[in-house]
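Novice: Sequence and predicted structure are below.
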Amino acid sequence: MIEENLKNVEQNIANACKRAGRNKEDVTLICVSKTKPKEMIEEAYAFGKREFGENKAQEMKEKCDGLPKDIKWHFIGHLQTNKVKYVVGRAFLIHSVDSLHLAQAIEAEGKKKDVISHILIEVNVAQEESKYGLKTEETLELVEQIAQMPHIKIEGLMTIAPFVDDPEENRDIFQKLRELSVDIDSKNIDNVSMSVLSMGMTNDYEVAIEEGATCVRVGTGIFGARDYSKK
Ligand SMILES: *Cc1c(COP(=O)(O)O)cnc(C)c1O
């Protein structure tokens, strides 16, 4: 089933790239494996997948330590400062930095371990109250502050769009994140890249790609629905 789903998603990505006049190599598929067992990750790995997304620090740590070392782990969930120690030194990219306080904790842990953390700034473009992430207008200031930190490298922006029936409803959110990224990029801030745009999930990744996503985070579309009832 996983292999079938992956083929499907990859075909959809290729089609969306074609529509947008983009190369499919410029879009990274992150397989969101949160709540799913190692065996399912191994199945996707056997199919050639190397980039996986997790949203709980300890779960990512355990999977990272128990699976092949060439996997790139993307931390995509809300990160509490007391859990930063599980993630720094393991995550290939932390997608969800949304406060100075959190960045300071990542910086301190990076200094201790002598590693640089690559991060994205999470922006709550849709201004949903239930979601984490900065307001659009607060983003530049935080980027400028984090740019000073020697153990953090900003690579771009991330957003989580609302769950909607029609993915077209999220198109303007993706456009706004892209515009913000172009705007920040034009300031040429030292130690800051805006090359990554992490946006789009199972429900709306094709629209996100048409609007410039370089990373899409797909869980359900690859591994099936998640079951939270056992926890
Ligand atoms: C769970 C999750 C996803 C994947 O969601 P699906 O709808 O299952 O594709 C993507 N991004 C984040 C931040 C998530 O928490």
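Specialist: Great, that's in hand.
Novice: Mind naming the longest helix for this structure?
Specialist: When the chain is parsed with DSSP state H, its longest helix is helix 2-20.
Novice: How about residues contacting that one?
Specialist: 23-24, 26-27, 29, 31, 40, 43-44, 47, 49, 205-207, 209-210, 212, 216, 218, 221-224 (C-beta atoms under 8 Å, 6 or more residues apart in numbering). (Each C-beta comes from the backbone N, C-alpha and C, glycine too.)
Novice: ok, now stretch 210-218?
Specialist: Residues contacting stretch 210-218 (C-beta under 8 Å, 6+ apart): 9, 13, 16, 19-20, 26-32, 53, 74, 76, 95, 156, 158, 171, 174-175, 178, 195-202, 205, 208-209.
Novice: So which bits of stretch 115-134 are buried?
Specialist: For stretch 115-134, a neighbour-count test (16 or more other C-beta atoms under 10 Å) marks 117-126, 131, 133-134 as buried.
Novice: Same question for stretch 211-227.
Specialist: Within stretch 211-227, the residues scored as buried using 16+ other C-beta under 10 Å are Glu211, Gly212, Ala213, Thr214, Cys215, Val216, Arg217, Val218, Gly219, Gly221, Ile222, Phe223.
Novice: and if you look at stretch 31-45?
Specialist: Neighbour-count burial for stretch 31-45, counted by 16+ other C-beta under 10 Å, picks out Cys31, Val32, Ser33, Lys34, Thr35, Lys36, Met40, Ile41, Glu43, Ala44, Tyr45.
Novice: now the strands for the protein?
Specialist: Using DSSP state E, the strands of the chain run over 28-32, 51-54, 72-75, 91-97, 117-122, 152-158, 192-198, 215-218.
Novice: how much space between the residue most central in space within the chain and Phe47?
Specialist: Geometric centre of the chain, nearest residue: His95, 4.3 Å, by C-alpha atoms, centre = their mean. In this view, His95 and Phe47 are 23 Å apart by C-beta to C-beta, to the nearest Å.
Novice: Dump the buried residues of stretch 31-45 into TSV; add distance to the ligand and pLDDT as well.
Specialist: Listed next are the buried residues of stretch 31-45 as TSV, based on distance: C-beta to the nearest ligand atom, whole Å; pLDDT from 0 to 100:
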residue	distance to the ligand	pLDDT
Cys31	9	98
Val32	4	98
Ser33	10	98
Lys34	6	97
Thr35	9	96
Lys36	10	97
Met40	13	97
Ile41	14	98
Glu43	17	97
Ala44	14	98
Tyr45	18	98
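Novice: In helices only, show me the residues you listed.
Specialist: Filtering these for helices - DSSP H - leaves Met40, Ile41, Glu43, Ala44, Tyr45.
Novice: Out of those residues, flag the one nearest to Glu59.
Specialist: Top of the list for closeness to Glu59, among those and by C-beta to C-beta, is Ile41 at 11.4 Å.
Novice: what sits against the closest one?
Specialist: Cys31, Ser33, Phe52, Lys63, Leu67, Ile71.
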